[in-house]
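**Student:** What would the 3D arrangement of this be:
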Amino acid sequence: MFRGRFEHTIDSKGRLSIPARFREILKNQYDNRLVVTTYDGCLIAYPYPEWVTLEERIAGLPEFKKDTRAFLRFFYSSATDCPIDRLGRILIPQPLREYAGLEKEVVLVGAFKQFEIWSKKVWKAAESSVSGEEISSMLERLGI
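**Tutor:** Below you'll find the model as predicted:
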């Protein structure tokens, strides 16, 4: 599982080094491939097997419902295979970088079976906007 928060930089070509801890998880528990997509103001990086599992769940959605079509259009239009190079980096396409407002400084955040890639500025704002009381309330609503 992906845990922790790591600050990294994106180079001028859009390449991002994946934290060593995340690379180790990808190598040992998955097949070292990622699918990256946009969601909620950031990018979500799914190990390929987790992406396939998600696609299997999505396949059960009623395809002719307006909400399903809108979701599929949004979610899949930005989904990109991002192979990890021999130096442990991925190339994030320009449209994905623009969506998430990624500039030089980014934060990679472990999120259970996937990890998120945030603009450092956007992450700091999101992090400071949630109080401990709100987290407690969220956990209660989720039954945890």
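**Student:** Show me the helices in this protein, by range?
**Tutor:** 20-29, 48-58, 66-77, 94-100, 120-128, 132-141 (DSSP state H).
**Student:** who touches the second one?
**Tutor:** Under the contact criterion CB atoms under 8 Å, 6 or more residues apart in numbering, helix 48-58 has outside partners 30, 31, 33, 34, 35, 46, 72, 75, 79, 113, 114. Using the backbone N, CA and C atoms, a C-beta is placed for each residue, glycine as well.
**Student:** quick one, which of the helices of the chain is nearest to residue 9?
**Tutor:** Shortest distance between residue 9 and the helices of the chain, using CB to CB, is found for helix 120-128: 9.3 Å.
**Student:** need the helices of the chain in CSV with mean neighbour count, can you?
**Tutor:** As requested, these are exported to CSV (neighbours: other CB atoms under 10 Å):
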stretch, mean neighbour count
helix 20-29, 14
helix 48-58, 14
helix 66-77, 11
helix 94-100, 16
helix 120-128, 14
helix 132-141, 9
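**Student:** what about the closest residue in space to residue 103 that isn't next to it in sequence, neighbour count?
**Tutor:** Excluding its sequence neighbours, the residue lying closest to residue 103 (CB to CB, 6 or more residues apart in numbering) is residue 119, at 6.5 Å. For residue 119, the neighbour count with other CB atoms under 10 Å is 22.
**Student:** Kind regards, and thank you for your time.
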